[in-house]
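Student: heads up, no residue letters with this:
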């Protein structure tokens with residue numbers, strides 16, 4: 001079945017299983033943070049997985065491409081974005097594995113029983129509502145700023161969804177790491193792993209990947225840093241592998 005692609009939209013290749021995604025260039029399009037989060041998250045066979053604030057549905061689609069059979073849900077408050085995500089699921093014929101839900105992450109009880117989910121993922125808005133220059137487009141503003149939800153709302157939703165020992169994966173800004181840990185622990189989500197993402201080896205990190213486990217003991221492990229660029233304009237080998245691209249000079253004919 002071919003999903004309808006609207007005149008203002010485009011279809012982008014994801015380089016995983018031949019999957020594609022519908023995006024509107026005038027709205028919020030996914031970035032590297034979503035791709036890195038999909039690589040960071042671990043999904044086991046038969047898991048029930050919920051992506052909070054799924055946007056275009058990029059994270060469930062990439063997770064489905066790399067994971068054993070599981071059931072994926074994307075929850076999105078913006079109706080236009082949820083519709084676009086549904087059509088991307090249809091485009092890739094992934095309806096049996098992925099379901100897109102239109103709703104507020106502060107009202108997860110409308111869709112899921114409490115503590116019924118194995119994995120939650122989220123690429124939340126990074127900036128607090130008063131901070132920074134807000135984009136004129138409402139969907140972009142909501143994706144980048146804490147307009148529709150705060151990180152406290154995200155942590156509360158994840159905790160309500162997850163079973164005991166369920167896993168929460170997120171990507172955020174290192175500058176907010178102290179607050180992130182405070183909110184996670186307030187909701188019984190114990191930080192267990194983190195990985196800092198640096199644009200270059202000699203630069204400060206620009207992103208942080210976190211895994212937290214509900215009702216787990218205290219023990220935080222730090223993965224080796226992830227470096228994005230070897231030099232200006234040249235990704236590292238690991239970034240090429242995460243995206244599914246061949247490393248330059250090693251392309252197969």
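Tutor: Yep, it's here. In this text the structure is predicted, and so the values were computed from the model without any measurement. Residues are numbered from 1 along each chain as shown.
Student: how about the helices of the protein, start to end?
Tutor: 32-40, 58-66, 79-91, 138-144, 151-161, 177-186, 237-243 (DSSP state H).
Student: gap between residue 21 and residue 205?
Tutor: 27 Å (CB to CB, to the nearest Å). From N, CA and C alone the C-beta is placed, and that goes for glycine too.
Student: same deal with residue 73?
Tutor: Applying CB to CB to residue 73 and residue 205 gives a distance of 30 Å.
Student: the more surrounded of the two?
Tutor: The neighbour comparison of residue 73 against residue 205 (other CB atoms under 10 Å) goes to residue 73, with 20 against 17.
Student: what's around the closest residue to residue 122 other than its chain neighbours, how many residues?
Tutor: Nearest non-adjacent residue to residue 122, counting by CB to CB, 6 or more residues apart in numbering: residue 52, 4.2 Å away. The number of residues packed near residue 52 is 25, by other CB under 10 Å.
Student: was I right about residue 52 contacting residue 75?
Tutor: Yes. The criterion here is CB atoms under 8 Å, and residue 52 meets it with residue 75 at 5.6 Å.
Student: which residues are common contacts for the two?
Tutor: residue 105 (CB atoms under 8 Å, 6 or more residues apart in numbering).
Student: so, low pLDDT: which residues of this structure?
Tutor: For the chain, applying pLDDT under 70 flags the ranges 1-3, 126-147, 251-253.
Student: show me where it has strands.
Tutor: Under the criterion DSSP state E, the chain contains strands at 10-13, 20-23, 48-52, 71-76, 98-102, 117-122, 162-172, 189-198, 207-214, 221-222, 226-227, 229-231, 234-235.
Student: ok so, going back, a markdown table for the helices of the chain, including mean neighbour count?
Tutor: Shown next, in a markdown table, are the helices of the chain (neighbours: other CB atoms under 10 Å):
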| stretch | mean neighbour count |
| --- | --- |
| helix 32-40 | 21 |
| helix 58-66 | 24 |
| helix 79-91 | 21 |
| helix 138-144 | 18 |
| helix 151-161 | 23 |
| helix 177-186 | 16 |
| helix 237-243 | 16 |
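Student: to residue 123, which of these lies closest?
Tutor: In terms of CB to CB, the element of the helices of the chain nearest to residue 123 is helix 32-40, at 5.2 Å.
Student: chain center to the closest one: distance?
Tutor: 6 Å (CA atoms, centre = their mean, to the nearest Å).
Student: okay, angle between that helix and strand 117-122 too, please.
Tutor: With axes from the mean of the first three to the mean of the last three CA atoms, to 10 degrees defining the directions, helix 32-40 sits at 160 degrees from strand 117-122.
Student: who does helix 32-40 touch, helix- and strand-wise?
Tutor: Under the contact definition 3 or more CB pairs under 8 Å, 6 or more residues apart in numbering; DSSP states H and E, helix 32-40 sits against helix 58-66, strand 162-172, strand 207-214, helix 237-243.
Student: for the ones you listed, could you give me JSON lines that also reports distance to residue 124?
Tutor: As requested, the helices and strands packed on helix 32-40 are exported to JSON lines (distance: least, CB to CB, whole Å):
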{"stretch": "helix 58-66", "distance to residue 124": "12"}
{"stretch": "strand 162-172", "distance to residue 124": "7"}
{"stretch": "strand 207-214", "distance to residue 124": "11"}
{"stretch": "helix 237-243", "distance to residue 124": "20"}
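Student: what sits closest to residue 104 if chain neighbours are left out?
Tutor: residue 77 (5.1 Å).
Student: whoops, residue 4 was the one
Tutor: Residue 4 sits nearest to residue 87 (CB to CB, 6+ apart), 6.4 Å away.
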